[in-house]
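Asks: I need the structure of the sequence given here:
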Amino acid sequence: MKQKEQDLLIYLADNPDRFVTSKELSTILSLTPRSIRSYIKVLKEQLENQGARIESKPSVGYRLQILHPVTFDLFLNKHCSLLQEHTNKDHSSNIADRQKYILNKLIIENKKIRVDDLADRLFVTRSSLSKDLAVIRKELLPYRITIESKANTGIFISGLERDRRHFILDYFFSHSEHSLQHYMKNKSFFKTISFDQLTIIVLDECRESGIYLTDFTIQNIVLYIALSIERLDSGFILQPVVLNTSYEQRTFYEVSEKIFTRIENSLDVKVPESEVAYLTIQLLAHGKTGKLTDDGTLQHEVEHVLEQIELESAYPVSKDYDLEKNLIEHLKPMIVRLENGIQLKNPLLKEIKTNYSNYFTDTKRYIKWSSYLSQFDINDDEIAYLVLHLLATVEKYKNLNKPRTLIICATGYGSAQLLNNRLEKEFSKYLNIVDIKGYYEIDDSILNNIDLIISTIDLSTQVFKVPVIQVSVFLTETDVQKLNQYLDNQRMHAKQKKFITDREIDTKPTFNYFDQFASDSRFKIWHTPTNKNTVLKELIEKISSEETQDFQDELLKQINQREALSAITFSDTIVVPHPAIPMSHVPKIAIGITPKGLKWSEEYPNIKFVFLLSPSYWNNRGLTETTQAIVRLTEDVEKQNDLIISKSFSEFRDTFLSMIEGGTSA
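Replies: Below you'll find the model as predicted:
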């Protein structure tokens, strides 16, 4: 087959669902219409009795019809190797989509499908479908799920419901993004389930019972509960689960009962006991509590492995109490996962394997020194979590100084400790790491004496009283540059502050940003006493133009959720309500002044300024600079007095911008 004939057949094969005009073919292949007709004539002859034919319609064009897929596939393999290469290259994503479609039918919809029917539906040969099924079988193998077949009904899935749920979570919903917005974003798979509501329920009950979950595992638990509700609604029931009567399991079982009781009351769903028992296993596998006692056998195993590592590495790990304690806390839920066949994903796996392959290999070897752990087939994700503990320890021994800053990390203690030690190594002269927390752990008492937040998750749409710098858990060169720039700016501002004149500061960008966010239509002064709900409702209305129909209700819910996590009152007189996730097309600020004072809460009865922020889910350029000006206002009582007597937005704007002009930004 000539090259041009191959190119022509390739294009027709890529567009099987429509007629392709002669003009289109001429443009794509750089051929004259006459040449197209000649090649079509040759191809028609070559395809005769080869399982396909080219259909021609005057003034409409040409279309390739595949009549016998297997025969046509053999023809392509024999005569058109270039076409085969082209198809493999350009349709690798289609193959993945095809496999996902098959898994969706078999696992989620629990269908029984005849192979021939499936091949026809996917427009592939039986041979191609067999290759897809072989790949799928390998994917299912670690989950103890198999593909069975019967002559009368076709192929179907065989395996326990709990194993199916594990696979669904890992295959369809795994991710590697670290943004807070990603963690809280609803999945389209769940039509009637509020992830925000489930998150609050899980947080409430776990906090009440002293169970600690990282941000990353909170998402896993919430996602698991949502899937359980969805599967129950579709009639898929878990097999009975037998739990022992240990103190640990009783504690977690009580929490699971409380969680599902609240869900039953909210969603009008009846949850069987097996679901409560299995959520208990999930919580045991992901959470930890200070009430648990160390297992003597496990402690002995850890001590033995650390002694072996010390002999090999010369690091004094056998005498490192913190390392031993942290490993035991990590291994206890990990062993529950291993014993129950739960697969855990690690969003840092790729980076660890790429940048720390030696540590990864060593950790695999160390696991074999444990007689108990070596019995399990431990996946790479679990190993990567253990690598983080090892990396954190190595960094600690390189530099034992403990300098001040709050670290926020979403993926667990090991990764947070790694970042902590790297920060101490690079910035021990300038930073004092006072604490390490997950986002959901932040409250007013933690933020009370903090000057800087270093976070591994995206907090750009959240407003805090102090600067926030986002970094990688591995503290890359770019991250080091960002922190150095922040520290340089702080030193420079401290030296130059009293010498800066108005003319020396270029505030044009800030002027433009403020005018983009705020306006006269988004400003109101309440001259008579009012209440919190009225102020919020009216300010939300002022920024709701060009938004969706349910924007106002959803924004209020998100503001309440953000305030439930930590306070949005920045001083006795200033409050900055904003949503937990960005919702607006463009960033907006609505400003309310209450000269007679507004009771926001029992603790803050005299709020004078309400800055309602609604960040954009696209671009928030300039919003940080503006919020920093609001933060500076909290410490400037004189400027507050100037602003409170404003009679219009124009007066407020002039005073506020003059304050920005005289200030500095980090």
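Asks: CA atoms only: put stretch 524-544 into CSV for me.
Replies: Taking Å, rounded to 0.1, in the frame of the first residue of the first chain, the C-alpha atoms of stretch 524-544 are listed here in CSV:
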residue,chain,number,x,y,z
LYS,A,524,-23.0,50.2,52.5
ILE,A,525,-23.1,52.1,55.8
TRP,A,526,-25.6,51.0,58.4
HIS,A,527,-26.5,54.2,60.4
THR,A,528,-28.9,52.4,62.6
PRO,A,529,-28.3,49.2,64.7
THR,A,530,-28.4,46.0,62.7
ASN,A,531,-27.5,42.3,63.1
LYS,A,532,-25.0,39.9,61.6
ASN,A,533,-27.4,38.0,59.3
THR,A,534,-28.8,41.2,57.8
VAL,A,535,-25.3,42.5,57.0
LEU,A,536,-24.1,39.2,55.5
LYS,A,537,-27.3,38.8,53.4
GLU,A,538,-27.1,42.3,52.0
LEU,A,539,-23.4,42.2,51.3
ILE,A,540,-23.7,38.8,49.6
GLU,A,541,-26.5,40.3,47.4
LYS,A,542,-24.2,43.1,46.3
ILE,A,543,-21.6,40.7,44.8
SER,A,544,-24.1,38.2,43.3
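Asks: In that stretch, which residues are buried?
Replies: 524, 526, 530, 532, 535-536, 538-540, 542-544 (16 or more other Cβ atoms under 10 Å). Every C-beta, even on glycine, is put in place using the N, C-alpha and C of the backbone.
Asks: And the strands in the stretch 251-400 of the chain?
Replies: 288-289 (DSSP state E, counting those that start in this stretch).
Asks: Can you list the low-confidence ranges for it?
Replies: By pLDDT under 70, the weakly predicted segments of the stretch 251-400 of the chain are 287-295, 343-344, 398-400.
Asks: redo that, cut-off 50
Replies: 290-294, 399-400 (pLDDT under 50).
Asks: Also the chain?
Replies: Applying pLDDT under 50 to the chain picks out residues 81-91, 175-188, 290-294, 399-403, 495-511, 662-666.
Asks: The strand ranked longest in it - contacts with which helices or strands?
Replies: Using DSSP state E, we find that the single longest strand of the chain is strand 588-598. Applying 3 or more Cβ pairs under 8 Å, 6 or more residues apart in numbering; DSSP states H and E, one finds that strand 588-598 contacts strand 523-525, helix 532-542, strand 607-614, helix 637-644, helix 649-662.
Asks: For it, list every residue counted as buried.
Replies: By neighbour count with 16+ other Cβ under 10 Å, strand 588-598 contains the buried residues 588-594, 598.
Asks: got the CA positions of that strand in PDB?
Replies: Extracted C-alpha coordinates of strand 588-598, given in PDB (Å, rounded to 0.1, in the frame of the first residue of the first chain):
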ATOM      1  CA  LYS A 588     -15.000  40.700  44.600                       C
ATOM      2  CA  ILE A 589     -15.100  42.600  47.800                       C
ATOM      3  CA  ALA A 590     -18.200  44.000  49.500                       C
ATOM      4  CA  ILE A 591     -17.600  46.500  52.300                       C
ATOM      5  CA  GLY A 592     -20.000  47.200  55.200                       C
ATOM      6  CA  ILE A 593     -19.500  49.900  57.900                       C
ATOM      7  CA  THR A 594     -21.500  49.800  61.200                       C
ATOM      8  CA  PRO A 595     -20.500  52.900  63.100                       C
ATOM      9  CA  LYS A 596     -22.800  52.000  66.100                       C
ATOM     10  CA  GLY A 597     -21.200  48.600  66.300                       C
ATOM     11  CA  LEU A 598     -22.400  45.100  65.200                       C
END
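Asks: Now do it: distance to the chain's middle.
Replies: Once both centres are worked out by Cα atoms, centre = their mean, to the nearest Å, strand 588-598 turns out to sit 34 Å from its chain's centre.
Asks: List of residues touching stretch 584-593?
Replies: With contact meaning Cβ atoms under 8 Å, 6 or more residues apart in numbering, stretch 584-593 is reached by 516-518, 522-526, 535, 538-540, 542-543, 546-547, 608-620, 622-623, 626, 643-644, 646, 649, 652.
Asks: try stretch 61-74
Replies: Stretch 61-74 has contacts (Cβ under 8 Å, 6+ apart) with 9, 12-13, 15-16, 18-22, 24-25, 40, 50-57, 119, 123-128.
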